[in-house]
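A.B. asks: Sequence and predicted structure, then a few things I'm wondering about:
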Amino acid sequence: MGDLFLFFPESQKRAEILEYCAKRLETRFLVLDEPASGLLTVELKNRDLEFEATHLKLLKPVNQTALDGEDNRQEFDVYTRDVFKDVNSDTFFLPCERAHIAQLVLLSFTIDDEFRKLISGMETKHKFHEETPLVSALQRLELLENYAPLHTDSKKKTVFPKFQLIPNTQAVRNYYGEEVAFYFAWMNHFTLWLVFPAVVGLAYYLYTQKTEISVDNNPYVPFFSFGMVIWATLFNKFWRRESNRWAQKWGTLNEEDVDEIRPEFTGTMRKSPITGLMERYSPDWLRYCKYFGSALVTSVMLFIAFSVMVCSLNLQGYIHNNGMFHVPALAKFSAPGEIFDPVNGDFLPCLVPTIVHSLAIMVLNQYIYRRIAVGLTDWENHRTESSFENSLILKRFLFEAFDCYISLFYLAFYELDVMKVIWVGGERWLRRLVRVNRGKRLVRTELVALYTADCIRRLLTETVIPLLLQLLSARGERDNMKRLKDKYGEKESVTQAAQGAAGELEEALGGAGELEEALGGAGELEEALEGAGELEEALGGAGELEEALEGTALEDSKKDKYEQFDDFLEMVIEFGYVTMFASAFPLGAALSLVYNVVEMKSDAIKLSWACQRPPSMRAANIGTWQTVLSTMTVLAAITNVMIFGFGSDQMMEWLPGWYTDLGGKRELAEGMGRFVVGGVFVIEHVVLMVVMFLHYAIPDMPSDVQVEVARRAYEDHKAFLKAKKQERLRLSGKLKVEEPVAAMAQ
């Protein structure tokens with residue numbers, strides 16, 4: 001079947017590169033190459049698999065029965081392999097473990113002198129050092145298009161059952177690895193925690209439909225919004241506890257302590273002041289200068305995003321003619337009687353500016369700044385993978401958050417009114433967000449429109465369209481196979497052709513059974529062509545045969561890569577919609593609950609059918625996203641208090657004595673401004689103090705996980721002391737140590 005595939009694009013050196021790679025990799029892999037299609041499929045040998053599992057200290061079950069409350073797993077050791085349960089079984093190592101170890105072994109192959117001779121005639125600006133992984137060098141030279149783990153159809157189908165709405169986290173981990181599993185575990189946690197605020201928000205929404213109270217002057221909305229801040233704090237804390245429990249179960253709790261050096265890191269060689277070994281070094285001041293350059297480029301992109309927002313708000317009629325950002329050439333389209341008239345115009349045309357704004361955000365983020373951010377982060381020359389990832393997350397999150405939230409912040413805090421204000425001929429027109437022409441909520445209107453349009457856009461672009469394109473492509477390949485069978489049917493050449501390369505093609509297609517089904521049955525295999533001459537005549541050469549009989553590996557190589565980064569980014573943005581603007585959009589939690597269920601099913605389809613199988617990466621948690629979520633919780637406390645005090649009439653409902661009624665319009669009473677500012681300041685600090693108290697009062701690690709961590713630390717220390725004692729005895733000649741013999745399956 002194979003663990004990994006490597007796909008080499010068309011080039012003058014493809015045959016040489018493929019032959020060179022096959023020769024290098026066969027020392028540790030079983031290699032299947034298809035020169036005509038540029039595909040290399042590799043499967044790690046058992047010997048190397050077990051040695052690498054020993055190095056990674058994978059936790060595996062042992063034969064002895066565990067005591068109550070104890071874990072019957074031990075760190076795998078190839079020299080004591082017989083103590084482990086079902087060690088000789090094909091299922092002893094999980095699919096995620098095989099894929100992860102295979103990729104680590106693949107990355108251990110670095111460039112050599114033969115590789116340098118092979119590329120000596122090529123024009124390239126890239127410089128490689130001796131530690132550069134072979135596959136990284138090939139990709140930078142565009143000689144290798146991609147490499148990824150192979151899907152196993154029989155196991156893939158069991159991960160996401162057809163009618164299962166909430167994915168099984170353990171099943172996801174066993175097949176895709178910890179990094180992907182943590183995303184789905186977080187999604188499950190997020191979805192379940194949304195149930196309570198969704199019920200409350202929906203009840204509030206139904207209540208407002210029967211009254212004249214709006215989100216602007218409802219005295220009870222502040223309780224909901226401040227409750228959402230507490231909810232967000234508890235959500236984050238209990239997620240940390242849950243993630244630590246998963247990490248302890250999967251044996252990755254200390255995985256974050258291991259940080260890998262990036263192959264792309266460049267610098268001068270120096271002697272490490274810590275280890276005394278030679279290492280590559282780049283001064284921090286140089287990277288800080290590059291940070292400044294990245295900030296300048298990002299600022300330009302943020303200005304472009306802000307300009308798009310201004311155009312959108314003008315087209316929607318949100319900016320009146322006295323505003324700083326009023327653009328008459330665009331605002332005229334939202335005037336009375338015009339196409340985007342928000343008061344008397346039709347509903348669908350009024351959605352056009354919002355849809356265009358959402359599409360503009362998508363183009364800026366997915367197709368422009370995404371590439372710029374990766375280029376800038378690579379240019380910054382980060383030494384470690386975690387440093388690179390953190391910098392990339394910071395850039396892309398800040399840019400997308402700015403894109404998504406800037407219009408809402410503008411309407412809430414620049415306009416200082418959570419109601420939509422339409423200026424027509426100097427008059428104020430208010431309309432409600434229900435089916436009447438008065439009282440339309442400004443922030444809520446924009447938030448609902450952007451949120452809904454963005455959800456639909458993500459579902460279409462990430463899953464529906466790629467899946468349709470893949471189905472169309474598969475249909476074209478089936479038509480091509482049918483054409484070949486019709487053309488050479490009298491000699492049954494397509495079926496017999498596989499006999500000439502039975503071993504390789506059977507493995508590429510997943511086994512003899514699948515081969516027979518693909519080629520028409522075993523009977524035809526025995527009766528078809530009798531010699532290689534007829535085969536070449538029937539199909540016009542082996543090249544057409546290999547093109548007609550593409551295996552699952554070649555099909556996987558044509559799929560897009562799975563980008564979990566984008567999925568996390570979208571969900572964190574959604575978390576911000578629900579928490580930071582709770583006072584303007586109480587129904588957000590209910591909509592998010594429904595969308596999350598759809599999103600998880602969409603992600604399952606995307607992982608299983610629309611994308612390549614992602615690399616299996618070990619992880620201890622969701623990484624930098626935890627810090628981002630905690631930061632957004634603090635921002636949620638600030639924004640909701642600001643909307644309460646300055647962006648709505650909610651504070652007026654509780655403290656009417658601080659305001660004066662001027663013919664139906666309430667303004668601050670003379671001399672009361674300082675009290676309003678002071679009141680908002682006090683409320684904000686009280687809410688933040690509650691957030692901080694909960695953050696530090698609730699431990700990140702459950703007590704049972706703490707006990708297990710302490711027990712393993714004790715066992716490791718005891719093993720260290722035992723090894724140290726044996727070493728002293730060996731040096732004194734009192735202990736004779738025999739070389740261990742590994743009885744491993746080859």
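C.D. replies: Structure received.

A.B. asks: is it true that N381 touches F265?
C.D. replies: Yes. Using CB atoms under 8 Å, N381 is in contact with F265, at 6.3 Å. Using the backbone N, CA and C atoms, a C-beta is placed for each residue, glycine as well.

A.B. asks: Overlap of the contact sets of these two?
C.D. replies: S282 (CB atoms under 8 Å, 6 or more residues apart in numbering).

A.B. asks: And the residue most central in space within the chain, how far from Y147?
C.D. replies: With distances taken as CA atoms, centre = their mean, the residue of the chain nearest its centroid is Q564 (1.7 Å). As defined by CB to CB, to the nearest Å, Q564 lies at a distance of 17 Å from Y147.

A.B. asks: ok, now R14?
C.D. replies: Relative to Y147, and taking CB to CB, R14 is found at 15 Å.

A.B. asks: Same question for E715.
C.D. replies: 38 Å.

A.B. asks: Same question for Y405.
C.D. replies: For Y405, the distance to Y147 - CB to CB - is 38 Å.

A.B. asks: now swap in P702 and tell me
C.D. replies: 39 Å.

A.B. asks: I'd like the average pLDDT over stretch 713-725.
C.D. replies: What stretch 713-725 shows for mean pLDDT is 81.

A.B. asks: you'd agree F160 is up against K606?
C.D. replies: No. The criterion here is CB under 8 Å, and F160 misses it with K606 at 10.3 Å.

A.B. asks: Could you report the distance from the closest residue to E338 other than its chain neighbours to N168?
C.D. replies: Closest residue to E338 apart from its sequence neighbours, by CB to CB, 6 or more residues apart in numbering: K332 at 6.6 Å. Separation of K332 from N168 (CB to CB): 55 Å.

A.B. asks: Not counting its neighbours along the chain, what's nearest L58?
C.D. replies: F76 (4.8 Å).

A.B. asks: wait, doesn't that neighbour sit right on K57?
C.D. replies: Yes. Using CB under 8 Å, F76 is in contact with K57, at 7.1 Å.

A.B. asks: So those two - more neighbours on which side?
C.D. replies: Taking neighbours as other CB atoms under 10 Å, F76 and K57 compare with F76 leading, 25 against 13.

A.B. asks: just to revisit the earlier point, out of everything not next to it in sequence, what's closest to the residue nearest to the centre of the chain?
C.D. replies: Q564 sits nearest to Y183 (CB to CB, 6+ apart), 5.6 Å away.

A.B. asks: Next up, the contacts around the one you found.
C.D. replies: Taking CB under 8 Å, 6+ apart, one finds Q564, D567, F568, I622 in contact with Y183.

A.B. asks: Looking at the residues you listed, which is nearest Y696?
C.D. replies: I622 (20.7 Å; CB to CB).

A.B. asks: Disregarding residues adjacent in the polypeptide, which is nearest to that closest one?
C.D. replies: Nearest non-adjacent residue to I622 (CB to CB, 6+ apart): F182, at 5.1 Å.

A.B. asks: pLDDT below threshold where in the stretch 451-600 of the chain?
C.D. replies: Within the stretch 451-600 of the chain, the ranges that satisfy pLDDT under 70 run 451-467, 469-552.

A.B. asks: I'd guessed D567 sits against D603; true?
C.D. replies: Yes. Counting by CB under 8 Å, D603 is a contact partner of D567 at 6.1 Å.

A.B. asks: Dump stretch 102-116 to PDB, restricted to CA.
C.D. replies: Extracted as PDB, the C-alpha positions of stretch 102-116 are listed here (Å, rounded to 0.1, in the frame of the first residue of the first chain):
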ATOM      1  CA  ALA A 102       7.700   7.800   7.800                       C
ATOM      2  CA  GLN A 103       7.800  11.500   7.300                       C
ATOM      3  CA  LEU A 104      10.500  12.000  10.000                       C
ATOM      4  CA  VAL A 105      12.600   9.300   8.300                       C
ATOM      5  CA  LEU A 106      12.000  11.000   4.900                       C
ATOM      6  CA  LEU A 107      13.100  14.300   6.300                       C
ATOM      7  CA  SER A 108      16.300  12.700   7.700                       C
ATOM      8  CA  PHE A 109      17.600  12.300   4.100                       C
ATOM      9  CA  THR A 110      19.800  15.300   3.400                       C
ATOM     10  CA  ILE A 111      21.400  16.500   0.200                       C
ATOM     11  CA  ASP A 112      24.800  14.900  -0.700                       C
ATOM     12  CA  ASP A 113      27.500  15.400  -3.400                       C
ATOM     13  CA  GLU A 114      25.600  13.300  -5.900                       C
ATOM     14  CA  PHE A 115      22.600  15.600  -5.500                       C
ATOM     15  CA  ARG A 116      24.800  18.700  -6.100                       C
END
